[in-house]
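In: the sequence and its predicted three-dimensional model are supplied below.
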Amino acid sequence: MTATHHDETPVTEYPPHYEPPRGPAWRLVFGPGLVRGVWMGAAGFVLGMLLVLLLRWWWSWDPVWNTEVVLVVGALTAAPIGFLAGIGAFDYWLYYVSGRPTRPEDHSGHGATSWKDYFRVNTDHKVIGIQYLVTTFVFFTIGGLMAMLFRAELAQPGLQFMDSQTYNGLVSAHATLMIFLFIIPAFAGLANFAVPLMLGAPDMAFPRLNALSYWLLPIAGIMFTASFIAPGGAFGAGWTGYAPLAEGQPLGQTFFNMGVQWAGASSILTALNFLVTIITMRAPGMTFWRMPLLVWANFTTSLLVVLATPFIAGSQFFVLFDRIMHTSFFVPEGGGYVLGYQHIFWFYSHPAVYIMMLPGFGIVSEVISSMSRKPIFGYRLMALSLMGILVLGFSVWAHHMFVAGMADWLRVPMMISTLLIAVPTGIKVFSWVATLWRGRIHLTTPMLFALGFVTMFVVGGLSGIYLGSVPIDIAASDTYFVVAHIHYVLFGGSVFTIFAGIYYWFPKMTGRMYDERLGKWHFWLTFVTFNLTFFPMHYVGLRGMPRRVFDYSEAFGDLNLIISVASFGLGASFVVFVYNVVVSWARGPVAEANPWRAQTLEWQVSSPPPVFNFDEIPQVVGGPYEYGVPGARHAILRPAREAQEVPA
């Protein structure tokens, strides 16, 4: 910038494309961030609403105002897009496509130096991982409170506190939040933090896409939760949203249909990012057979997500079209195929069970190997069994439909494939047990949750084999036996592994150690109250108590009271976890770089890691689990200049 002096007034000349600095008030309102996100979201809603009204008036549709159409276009589509634009999720791409000059990357949106950096668009995979985890636990808390409300209703027969639609809405929203806003994205959060470090990569392949993937998630969660304020109440057709039941639900059902789209888009974008990162950004020497099993697990999970998630998106769009465009995809009076919804839905949702399990398998493999000081037994077979589950997972969807009226000839093939998929899963259980055999076991909190997972998952798996058998499923279908089964799989399975992963990587994420005593209290309270809550459901289910009902026979009153009291104890155990995490993060002991003496790459850097993960380029020279092998190393770190001199 130069100043040219004339006879009277000095004139300042600016270089081309120079933008004068703005004041703080201007930056607050018009700069990327939550404030701009709020007003641009509101503007998006207004524009979407006006577009609907204008088109309906132009086409002479009566009435011009249709609440559900305005809601879908304005509140559930245009407003979220406006919010994303406001927080800056599209700034880089819009700047690029507009043809403006390229801006040098100063990495100002990468990394966190204060708590405020977690409330903006951030391209650091470690920050995004923590954003995911904190957000998912907020919705875990909301979903858990919903469960405690309807368990209070079920403590005794008869109506106590709520009507049937409110009860159905609470059960539906509870399951939806736990699946789409907790289990699936919590695994994505842990993987976001750990997988690039395990690969020796500086970040994810597409950092900006990674940031966008996260911000789609709270949009979906707000939609699911906000359905309670819609006229008529929340969606009450269950997390499955079966048609044609869903098509007769109040306006809140539309929130479910659209929320699934936003959550699904987040999952697909994240999965694509993982696939490209794992395939193209491994450190020198990191072959596929040297990858940690958590990386293998997220590789197969990402393939499942990319292949399966479009099916649930399609099913919800079809229901939405039936509701607001008066099509007849699933309306029998219009020639629709009602069972078609279930086929499409379960073609996603049974692979989704493995989407909610495979990352947990990877976490448990990391924890058990590290805490028993032994190599994973049958490492290659463990990786191949993940691929086997990936393939077989698409061949078992119709076992959810044994009593739905589908073709009889389809029952036996689905029963056989359902029982067959127990083989690769059984390989994993035997491998974990063999890894533990004669190991030097350290019963830390993550190890306790890993062992708790193995035992609870076996119980859930055995009940799944029963339900995979046609005769038993006919008797047990739509009873509380199924509720017990799915919770032993998804809580005793997935949630236990999420807790194991958080405790295991907590020192790496925060640079602080958690309170081990409180961690063990959390495990034992959770383990005991979980079993007191869900194990009796096997019995009441086989005795004939149907699920998804707000009232039941007095014969089941005493057991339901025990279940409800235990469920409140399960909720209370979570308070111990929250206290431990918050206090330890704020003032826990400073963590070492490798408190577990683990061998994978994330433990070879400081806690927390450098902004771009590695100050030196890692060279992988061996497997990730060579515990007890003299002189064995997974990787060595070498300066960047030295790495460039080595031929590819």
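Out: Looks like it arrived, so ask away. Residues are numbered from 1 along each chain as shown.

In: alpha carbons only for contacts and neighbour counts from here, please
Out: Noted.

In: what residue ranges in this protein score low on pLDDT?
Out: Residues of the chain meeting the criterion pLDDT under 70: 1-21, 638-648.

In: list the contacts for the residue nearest the centre of it?
Out: Central residue of the chain (CA atoms, centre = their mean): Pro185, 1.6 Å from the mean position. Contact criterion CA atoms under 8 Å, 6 or more residues apart in numbering gives 132-133, 136, 267 as the residues in contact with Pro185.

In: one more time with 7 Å, if that's ok
Out: 132, 136 (CA atoms under 7 Å, 6 or more residues apart in numbering).

In: what about it, which helix or strand?
Out: Here Pro185, judged by DSSP states H and E, is contained in helix 184-199.

In: how far does that helix sit from its chain's centre?
Out: Relative to the chain's own centre, helix 184-199 is displaced by 11 Å; criterion: CA atoms, centre = their mean, to the nearest Å.

In: next SSE after it?
Out: helix 207-226.

In: what is that following helix packed up against?
Out: Here helix 207-226 touches helix 125-153, helix 252-280, going by 3 or more CA pairs under 7 Å, 6 or more residues apart in numbering; DSSP states H and E.

In: make JSON lines out of those and add mean neighbour count and distance to Val540.
Out: Listed next are the helices and strands packed on helix 207-226 as JSON lines, based on neighbours: other CA atoms under 10 Å; distance: least, CA to CA, whole Å:
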{"stretch": "helix 125-153", "mean neighbour count": "21", "distance to Val540": "15"}
{"stretch": "helix 252-280", "mean neighbour count": "22", "distance to Val540": "30"}
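
In: among those, which is nearest Asn298?
Out: Of all these, helix 252-280 sits nearest to Asn298, with 7.4 Å by CA to CA.

In: the closest one versus helix 207-226: what angle between them?
Out: Computed by axes from the mean of the first three to the mean of the last three CA atoms, to 10 degrees, the angle separating helix 252-280 from helix 207-226 equals 160 degrees.

In: circling back: with distance to Tyr167 added, can I get the helices and strands packed on helix 207-226 in JSON lines?
Out: Output for these, formatted as JSON lines (distance: least, CA to CA, whole Å):
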{"stretch": "helix 125-153", "distance to Tyr167": "6"}
{"stretch": "helix 252-280", "distance to Tyr167": "14"}
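
In: tell me the domain boundaries of this structure?
Out: Annotated domains of the chain cover 2-97, 122-587 [automatic domain parsing].

In: any chance of these in a markdown table, plus distance to Leu601?
Out: Converted to a markdown table, these look like this (distance: least, CA to CA, whole Å):
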| stretch | distance to Leu601 |
| --- | --- |
| domain 2-97 | 31 |
| domain 122-587 | 5 |
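
In: so which of those is the most surrounded?
Out: Of all the domains of the chain, domain 122-587 carries the top mean neighbour count, a mean of 20, counting by mean count of other CA atoms under 10 Å.

In: against Ile617, how distant is the closest residue to Arg282 other than its chain neighbours?
Out: In space, and not counting its chain neighbours, Arg282 is closest to Leu199: 4.9 Å by CA to CA, 6 or more residues apart in numbering. Leu199 sits at a distance of 11 Å from Ile617 (criterion: CA to CA, to the nearest Å).

In: now the helix holding Pro185 - C-alpha only, PDB.
Out: The C-alpha trace of helix 184-199 is given here as PDB (Å, rounded to 0.1, in the frame of the first residue of the first chain):
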ATOM      1  CA  ILE A 184     -23.800 -43.600  14.900                       C
ATOM      2  CA  PRO A 185     -22.300 -40.100  15.200                       C
ATOM      3  CA  ALA A 186     -20.500 -40.900  18.500                       C
ATOM      4  CA  PHE A 187     -18.500 -43.500  16.700                       C
ATOM      5  CA  ALA A 188     -17.900 -41.000  13.900                       C
ATOM      6  CA  GLY A 189     -16.600 -38.600  16.500                       C
ATOM      7  CA  LEU A 190     -14.200 -41.100  18.000                       C
ATOM      8  CA  ALA A 191     -13.000 -42.100  14.500                       C
ATOM      9  CA  ASN A 192     -12.600 -38.500  13.400                       C
ATOM     10  CA  PHE A 193     -10.200 -38.000  16.300                       C
ATOM     11  CA  ALA A 194      -8.300 -41.200  16.200                       C
ATOM     12  CA  VAL A 195      -8.200 -42.600  12.600                       C
ATOM     13  CA  PRO A 196      -6.100 -39.900  10.900                       C
ATOM     14  CA  LEU A 197      -3.600 -40.100  13.800                       C
ATOM     15  CA  MET A 198      -3.500 -43.900  13.500                       C
ATOM     16  CA  LEU A 199      -2.800 -43.600   9.800                       C
END
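
In: and that helix with helix 207-226, angle?
Out: For helix 184-199 against helix 207-226, the angle by the same axes, to 10 degrees is 160 degrees.

In: tell me the contacts of Gly511?
Out: Neighbouring residues of Gly511 by CA under 7 Å, 6+ apart: 590-591, 607-608.

In: try it again at 8 Å.
Out: Gly511 makes contact with 590-592, 607-608, according to CA under 8 Å, 6+ apart.

In: buried ones among these?
Out: Neighbour-count burial (16 or more other CA atoms under 10 Å) applied to these gives 591-592, 607-608.

In: show me the strands in the stretch 501-648 of the chain, by range?
Out: 617-620, 635-638 (DSSP state E, counting those that start in this stretch).

In: CSV for those, including mean neighbour count and distance to Val276?
Out: Formatted as CSV, these follow (neighbours: other CA under 10 Å; distance: least, CA to CA, whole Å):
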stretch, mean neighbour count, distance to Val276
strand 617-620, 22, 19
strand 635-638, 17, 22
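
In: want to throw those strands into JSON lines with distance to Met537?
Out: Output for these, formatted as JSON lines (distance: least, CA to CA, whole Å):
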{"stretch": "strand 617-620", "distance to Met537": "49"}
{"stretch": "strand 635-638", "distance to Met537": "48"}
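
In: just list the residues touching the closest residue to Thr600 other than its chain neighbours, thanks.
Out: Residue nearest to Thr600 in three dimensions, not counting chain neighbours: Pro624, with 5.4 Å by CA to CA, 6+ apart. Going by CA under 8 Å, 6+ apart, Pro624 touches 290-292, 599-600, 633-634.

In: then Gly588?
Out: Neighbour list for Gly588: 512-515 [criterion: CA under 8 Å, 6+ apart].

In: can you check Ala598 too?
Out: By CA under 8 Å, 6+ apart, Ala598 lies in contact with Ser370.

In: got it, and the one 10 residues further on?
Out: By CA under 8 Å, 6+ apart, the contact set of Pro608 is 507-511, 593.

In: same question, Gly129
Out: By CA under 8 Å, 6+ apart, the residues touching Gly129 are 188-193.

In: and these, which two are furthest apart?
Out: Distance extremes for the contacts of Gly129: the farthest pair is Ala188 and Phe193 at 8.6 Å, using CA to CA.

In: chain neighbours aside, what residue packs nearest to Gly492?
Out: Closest to Gly492 by CA to CA, 6+ apart is Met456, at 5.1 Å.

In: ditto for Gly221
Out: Excluding the flanking residues, the one nearest Gly221 by CA to CA, 6+ apart is Leu181, at 6.3 Å.

In: what ranges do the helices span in the stretch 301-450 of the chain?
Out: Taking DSSP state H, counting those that start in this stretch to define them, one finds helices in the stretch 301-450 of the chain at 338-355, 358-372, 379-392, 411-420, 422-436, 445-468.

In: wait, which of the ones you listed is closest to Ala155?
Out: The nearest among the helices of the stretch 301-450 of the chain, by CA to CA, is helix 445-468 at 24.3 Å.

In: what helices or strands is that closest one leaning on?
Out: Judged by 3 or more CA pairs under 8 Å, 6 or more residues apart in numbering; DSSP states H and E, the packing partners of helix 445-468 are helix 358-372, helix 411-420, helix 422-436, helix 470-476, helix 480-489, helix 496-510, helix 516-542.

In: out of the contacts of Pro608, which is nearest to Pro244?
Out: Distance to Pro244 across the contacts of Pro608 (CA to CA) is lowest for Met509, with 45.8 Å.
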